[in-house]
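[1] could you look at this predicted model? Sequence included:
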Amino acid sequence: MQHGPQEQTFADYLAVIRRYKWLILVAALVVPVAAYVWSSQQTKVYRADSDVLLNRQDLGSTLTGIPTQSTVTDPVRYARTQARLAGVPAVTRAAIARSGVSGIDEPEFAENSDVNTNPDTDILTFGVNNRDADVAARLATAYAESFVAYKLRTETASLQAARRELQGRLAELRDTDATDTEAYRQLAQQEQSIRTLELLQVPASVVRPALGAGQIAPTPQRNAILGVLFGLVLGLGGAFLLNALDRRIRDAGEIERELGIPLLAKLPTPHARHGVQTVLDRPADEFAEAVSQLRTSFDFANNQLQAKVVMVTSAGPREGKSTTTANLAIALARTGRHVVLVDLDLRRPSLTRMLHLPDGSGFTDIATRNSDLADALQPVGVTPLRARLASVPSGETGAGRLEVITSGRTRVEPGEFVETSGFAEALQTLRAHAEIVLVDTPPILATSEAMALTAKVDAILVVTKLGTLTRPTLRELVRVLGRSPAPVLGFVVTGAEIDESYSYYQVEDYPKQSAREESTQAAPLDVSEVRSASGGSTRWTPRRGG
């Protein structure tokens with residue numbers, strides 16, 4: 001019955017999202033609200049920008065008339081070089097001094113300023129951030145102007161040096177009265193050309209001073225939008241993390257794959273005020289409809305085996321085993337059969353309290369010959385099932401009998417009691433007395449007598465509860481059932497509202513019809529066409545062992 005790990009499908013992911021939807025929704029709401037509130041409390045920061053146009057002229061080529069290879073011919077490299085040049089201390093110090101803003105040192109200015117290039121233009125953008133919009137604008141404009149002045153000085157420094165050298169040589173010629181020579185005229189012409197170039201030199205110019213500043217921080221609206229996205233990611237991550245850490249099973253399909261036996265029915269949790277009385281007094285109830293489905297699936301699963309003594313067990317306590325057993329017994333009796341319900345959970349008997357029965361002789365008294373069977377049987381009145389339910393053939397709607405045998409007043413040791421001859425004789429007597437004997441037993445993983453009882457009965461019915469059963473427990477249950485000598489008819493899921501795929505036909509009211517109309521409309525079922533609660537064929541042969 002062992003099965004390998006199943007690949008996760010899109011439906012499985014959706015199930016996890018539905019399961020932890022509140023966690024995801026809370027994260028998607030709390031994170032953006034927190035981001036908005038936090039952003040709103042931050043100090044406002046403004047940014048001002050000023051643009052500088054670069055003039056990429058090659059002085060060497062202009063003077064000599066010979067093309068040269070330099071950074072000027074590569075616009076991207078030239079722009080990046082100028083941007084790095086704008087960050088030198090001489091430029092930043094001049095920018096602070098030119099702006100007239102006090103209280104700002106060079107490291108602070110460098111941290112809150114930047115120069116950006118545009119690969120498609122010859123424009124540098126000088127940006128400055130500050131808490132004061134006016135100060136940011138003044139600093140950005142002063143930064144751009146200081147760079148232009150610095151660049152002009154560096155670009156004309158060589159021209160000024162060359163012109164001073166020519167002026168010195170001209171002075172020497174004048175001192176020797178050689179002003180009328182060809183050499184003097186050539187030097188004078190070169191000095192005039194350099195002077196002209198120096199005057200025409202415009203390496204850069206401020207084309208757009210900072211006229212104002214815009215707020216760049218904080219941005220509550222943008223942070224809130226990002227918070228929604230981050231909250232969703234955080235919520236989804238938390239949901240899948242919790243799902244991975246949660247060992248509880250919430251999907252009936254996972255139990256069916258692991259056990260390898262059919263799912264007979266999914267039972268929702270009955271209302272506390274109803275309990276077992278749901279199927280006795282409230283036929284038009286979703287829980288009663290689920291019990292009716294269990295009864296139908298039970299009959300089809302037992303169609304070939306014809307087991308008379310069926311033990312109902314679970315992996316652990318508080319899985320709804322006794323409630324399910326009692327409801328199934330009532331549902332079977334309402335179809336006109338003679339059913340005996342036996343409470344063999346000797347450690348924690350509950351049928352007496354559940355069915356409001358008086359304390360009296362029970363199974364231990366019969367097995368120890370302290371009481372007769374007739375004295376131990378306690379009849380429970382059940383209403384015959386009406387023929388309007390299509391799942392019940394019209395010939396099965398007669399008055400049935402439900403008799404309950406409690407655990408008994410004689411004290412016994414449960415583990416040894418199951419192996420006694422009196423126990424076997426009492427069980428055989430019940431087998432001959434009734435059509436179906438349902439035995440409510442202790443959890444099979446919790447006690448030794450439950451496993452020993454599997455050799456005394458005809459079949460086993462397993463009850464599991466979603467949200468309670470864990471994966472390690474399920475694996476142990478698979479191992480134990482694999483060693484059981486009795487075949488397993490199937491399993492029942494309780495707490496089905498936890499299963500995201502669970503749905504039921506809500507019965508609000510049945511149309512009032514005459515008995516003849518009900519009998520006419522109720523058609524007997526063809527066993528070959530009915531499918532199990534899990535969707536598999538009902539022509540399923542119970543497997544022994546595993």
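    Cool, the structure landed.

[2] and for residue 414, the neighbour number?
    A count of neighbours around residue 414, defined by other C-beta atoms under 10 Å, yields 20. Yep, even glycine has a C-beta here, placed from its N, CA and C like the rest.

[3] now the one 4 residues further on
    Residue 418 sits with 25 neighbouring residues when counted by other C-beta under 10 Å.

[4] and residue 428, by the same measure?
    The number of residues packed near residue 428 is 12, by other C-beta under 10 Å.

[5] could I get the pLDDT score of it?
    With respect to pLDDT, residue 428 scores 93.

[6] where's it, which helix or strand?
    helix 421-433 (DSSP states H and E).

[7] so how far is the first residue of stretch 127-135 from its last?
    Using C-alpha to C-alpha, to the nearest Å, one end of stretch 127-135 lies 12 Å from the other.

[8] give me the buried positions along that stretch.
    The neighbour-count check on stretch 127-135 (16 or more other C-beta atoms under 10 Å) flags 127-130, 133, 135 as buried.

[9] most distant residue from the middle of this structure?
    In the chain, counting by C-alpha atoms, centre = their mean, residue 177 sits farthest out from the average C-alpha position, at 98.2 Å.

[10] got phi/psi on that residue?
    Backbone geometry at residue 177, expressed as degrees, to the nearest 10, gives phi 60, psi 40.

[11] ok, residue 45 next?
    Note on residue 45: its backbone torsions stand at phi -130, psi 130 [degrees, to the nearest 10].

[12] what's the pLDDT at the closest residue to it other than its chain neighbours?
    Distances taken as C-beta to C-beta, 6 or more residues apart in numbering place residue 217 nearest to residue 45, at 4.1 Å, with adjacent residues excluded. What the model reports as pLDDT for residue 217 is 91.

[13] which sections of this structure are below the confidence cut-off?
    1-8, 57-73, 200, 271-285, 384-399, 498-546 (pLDDT under 70).

[14] quick check, central residue of it?
    Taking C-alpha atoms, centre = their mean as the criterion, residue 239 is the residue nearest the geometric centre of the chain, at 3.5 Å.

[15] the stretch 1-150 of the chain: strands as residue ranges?
    For the stretch 1-150 of the chain, the strands defined by DSSP state E, counting those that start in this stretch cover 45-54, 113-117, 123-130.

[16] which helices and strands does the last one pack with?
    Right, strand 123-130. Secondary-structure packing of strand 123-130 (3 or more C-beta pairs under 8 Å, 6 or more residues apart in numbering; DSSP states H and E): strand 45-54, helix 75-85, strand 113-117, helix 133-175.

[17] partners of that strand in the sheet?
    On the basis of DSSP bridges, the sheet neighbours of strand 123-130 come out as strand 45-54 (antiparallel), strand 113-117 (antiparallel).

[18] tell me what angle the shortest one forms with helix 75-85.
    Comparing the axes of strand 113-117 and helix 75-85 via axes from the mean of the first three to the mean of the last three C-alpha atoms, to 10 degrees yields an angle of 170 degrees.

[19] quick one, what contacts residue 10?
    Listed by C-beta atoms under 8 Å, 6 or more residues apart in numbering, the contact set of residue 10 is empty.

[20] could you check the distance from it over to residue 254?
    Separation of residue 10 from residue 254 (C-beta to C-beta, to the nearest Å) stands at 16 Å.

[21] also residue 82?
    For residue 82, the distance to residue 254 - C-beta to C-beta - is 67 Å.

[22] more neighbours: which of the two?
    residue 82 (21 against 18).

[23] pull out the buried positions in stretch 350-363.
    Residues 350-352, 354-355, 357, 360-363 are the ones in stretch 350-363 that count as buried (16+ other C-beta under 10 Å).

[24] follow-up on the earlier one: turn the strands paired with strand 123-130 into a markdown table, including distance to residue 429 and mean neighbour count.
    Below are those laid out as a markdown table (distance: least, C-beta to C-beta, whole Å; neighbours: other C-beta atoms under 10 Å):
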| stretch | distance to residue 429 | mean neighbour count |
| --- | --- | --- |
| strand 45-54 | 90 | 21 |
| strand 113-117 | 96 | 18 |
